[in-house]
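Enquirer: okay, predicted coordinates and the sequence, questions at the end:
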Amino acid sequence: MKQRKGRNMPVVTMNDVSYTVPSGTRLGTLLAREGKIGMPCGGQGRCGKCKVTATGALNRLTESEKRFLSPDEIARGIRLACMTVIEGDCTVYVAGEKAPQIRIRGEMPKIRLQPAFITYGCAVDIGTTTLAACLYDTEGNMLAQASSRNPQAGWGADVISRMDAALGGAKRELAEAVCRAVDALLLQLSETAGIHSREIDGLVITGNTVMLHLLTETSTEPLSHAPFTLLRKFGETVEAGALGLTAVEAVTGVYLPPCISAFVGADLVTALLASGIYEAPGIQMLTDIGTNGEMALLRDGQLYVCSTAAGPAFEGAGISQGMQGKRGAIDRVFLQDNELDVHVIGESAAEGICGSGIVDAIACLLESGQIDETGYMDKESILIAPSVAVTQKDVRMVQLAKSAVHAGILTLLHMAGTGFGEVSNLLIAGGFGSYLNVENAGRIGLIPCEMVPKVRAIGNAALSGAAMLLLNLEYRAACKKYADDAKEIELSGNSFFADEYMARMMF
């Protein structure tokens with residue numbers, strides 16, 4: 001839609017770039033698909049986080065906007081992009097996007113080289129919220145790394161919203177959006193390394209099951225209802241051109257690692273590879289605490305896995321002033337002399353709070369007695385910085401998320417016939433885990449307090465595992481074995497999980 005001229009269609013001028021779109025297009029749809037904004041609620045007008053300045057031929061202010069916008073904002077032309085309909089020529093200003101604080105790389109063991117490429121190779125992790133990528137040469141040297149927002153967030157912050165959108169007719173658009181984002185990363189990596197993107201002749205792309213289905217335009221219908229079956233387990237190589245990638249040659253091989261089940265994806269499989277738990281003694285656990293909390297337990301060679309819908313609270317969505325970990329986000333909260341103190345990324349004024357910050361904030365409010373063990377607050381909101389507050393609804397969102405993760409861990413232990421004392425390590429993968437204060441996570445019950453001393457954060461292990469698959473072809477057989485041999489513990493309908501979920505709702 002960029003920079004095209006059409007006499008019969010409205011022209012949208014955004015930050016000095018012109019777009020033409022059909023009359024009746026929602027502004028949020030245009031901005032999200034161009035990667036300019038995210039819409040955590042999927043464009044339903046429920047979160048109020050897609051504020052932009054817009055003037056011109058637009059629809060009247062909606063009731064949703066009147067709830068979220070102050071009189072001053074309305075006077076300044078602020079609109080919610082998801083509720084704004086383009087009726088004619090208009091002008092839009094979107095504030096400059098601040099780069100998220102993304103842990104791109106994770107731990108990776110030394111490996112023997114047998115590359116899946118001839119000149120340069122790229123490993124990519126398509127996360128629900130963010131994309132991360134690394135570029136390598138044949139000697140195993142990492143030449144560049146980059147990250148970006150997943151533009152599919154324009155259809156919703158969670159995989160359920162995106163599956164609904166795909167089933168509603170947006171399957172092609174979802175695939176095209178993420179392919180454009182991957183192409184942009186490939187171009188950025190190439191420029192940083194001083195090469196041409198078409199010299200990249202091998203890729204590995206990992207992600208959860210839904211992300212890989214959306215990337216390949218595979219129907220998500222079987223994933224949307226019981227018994228949650230897979231049309232495609234992956235563990236296959238496809239051509240870049242068939243996916244719609246254009247930054248590399250169309251015949252470039254793209255390896256998509258195997259998934260285990262509908263909600264235990266290739267990202268967990270590649271994280272398992274990078275974690276090295278198969279070579280470690282004793283019982284090992286691995287969890288990636290995100291929108292879809294995936295976890296694994298290895299005991300006596302048997303791998304047990306499960307996933308629990310933690311929701312997007314720990315990624316900034318679903319929280320009233322939640323945001324990604326970027327400049328302006330409160331990422332740490334402290335209690336000093338019974339007063340709250342905060343650290344803000346970029347040492348700037350606080351604009352919101354990210355996942356690690358909300359865990360700290362609730363731990364501190366519990367310690368100071370401003371929240372009781374049931375999660376009740378005397379006030380509707382508590383100010384933790386001059387312009388950032390934690391609300392009663394925020395606390396309830398965290399309770400739902402933390403009890404799901406905690407109960408998932410306990411259920412995995414129970415089904416494997418083991419307990420806290422027998423576990424040697426609890427490895428936490430993913431960006432959220434990299435910045436998490438583990439003691440505070442134990443304090444609020446996100447993880448069992450008995451396991452706090454056994455926690456080790458390993459960063460973006462999913463991407464590291466993808467890099468290992470890129471640098472040594474032999475690892476593909478290992479990943480296939482992980483996926484084939486895993487025993488999935490289905491949590492829906494599991495009475496033990498249901499009981500623990502309710503019990504762990506308390507702080």
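Expert: Structure's in. What do you need?
Enquirer: got a list of contacts for the lowest-mean-pLDDT helix or strand in the chain?
Expert: Among the helical and strand segments of the chain, the one scoring lowest on mean pLDDT, DSSP states H and E is helix 431-435, with a mean of 80. Helix 431-435 is contacted from outside by 101-103, 130, 287-290, 314-315, 325, 331, 354-356, 457-460, using CB atoms under 8 Å, 6 or more residues apart in numbering. For glycine as for every other residue, the C-beta is placed from the backbone atoms N, C-alpha and C.
Enquirer: how far away is the closest residue to residue 378 other than its chain neighbours from residue 76?
Expert: Take residue 378 and drop its neighbours on the chain: the residue closest to it by CB to CB, 6 or more residues apart in numbering is residue 370, 7.3 Å away. According to CB to CB, to the nearest Å, residue 370 and residue 76 sit 34 Å apart.
Enquirer: so between the two, which is more surrounded?
Expert: Ranked by neighbour count (other CB atoms under 10 Å), residue 370 and residue 76 place residue 370 first, with 16 against 11.
Enquirer: was I right to think the residue nearest to residue 378 contacts residue 381?
Expert: No: the pair formed by residue 370 and residue 381 falls short of the contact definition of CB atoms under 8 Å, at 10.9 Å.
Enquirer: need the residue closest to the centroid of the protein.
Expert: residue 129 (3.1 Å; CA atoms, centre = their mean).
Enquirer: show me what contacts the residue lying closest to it once chain neighbours are set aside?
Expert: Distances taken as CB to CB, 6+ apart put residue 315 closest to residue 129, at 5.0 Å, once the chain neighbours are dropped. Residues in contact with residue 315 (CB under 8 Å, 6+ apart) are 128-129, 157, 290-291, 324, 355, 432.
Enquirer: buried subset of these, written for ChimeraX?
Expert: Those of those that count as buried under 16 or more other CB atoms under 10 Å are selected in ChimeraX with:
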select :128,129,157,290,291,324,355,432
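Enquirer: which one of the contacts of residue 315 is nearest to residue 365?
Expert: Closest approach between the contacts of residue 315 and residue 365, by CB to CB: residue 355, at 16.1 Å.
Enquirer: for the closest one, give me the pLDDT.
Expert: Note for residue 355: predicted pLDDT of 90.
Enquirer: now it: how far from residue 465?
Expert: 22 Å.
Enquirer: with residue 269 instead?
Expert: 7 Å.
Enquirer: now the common contact residues for those two.
Expert: Going by CB under 8 Å, 6+ apart, residues that sit against residue 269 and also against residue 465 are 206, 257, 479.
Enquirer: which parts of the host helix or strand of the last one are buried?
Expert: Assigned by DSSP states H and E, residue 479 belongs to helix 475-485. By neighbour count on 16+ other CB under 10 Å, the buried set for helix 475-485 is 475-476, 478-479, 482-483.
Enquirer: can you show me the CA trace of that helix as PDB?
Expert: Coordinates of the C-alpha atoms in helix 475-485 are reproduced here as PDB (Å, rounded to 0.1, in the frame of the first residue of the first chain):
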ATOM      1  CA  TYR A 475      21.300 -31.800  15.100                       C
ATOM      2  CA  ARG A 476      18.200 -32.100  12.900                       C
ATOM      3  CA  ALA A 477      18.000 -35.800  13.800                       C
ATOM      4  CA  ALA A 478      18.300 -35.000  17.500                       C
ATOM      5  CA  CYS A 479      15.400 -32.500  17.300                       C
ATOM      6  CA  LYS A 480      13.300 -35.000  15.400                       C
ATOM      7  CA  LYS A 481      13.900 -37.500  18.200                       C
ATOM      8  CA  TYR A 482      12.900 -34.900  20.900                       C
ATOM      9  CA  ALA A 483       9.600 -34.200  19.100                       C
ATOM     10  CA  ASP A 484       8.800 -37.900  18.400                       C
ATOM     11  CA  ASP A 485       9.600 -39.200  21.900                       C
END
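Enquirer: and it, what's its mean pLDDT?
Expert: pLDDT averaged over helix 475-485 gives 96.
Enquirer: repeat for stretch 231-244
Expert: Averaged over stretch 231-244, pLDDT sits at 96.
Enquirer: cool, and stretch 271-278?
Expert: Mean pLDDT, stretch 271-278: 94.
Enquirer: same check on stretch 205-217?
Expert: Rounded mean pLDDT across stretch 205-217 is 96.
Enquirer: can you give me the end-to-end distance of that stretch?
Expert: Terminal residues of stretch 205-217 are spaced 15 Å apart (CA to CA, to the nearest Å).
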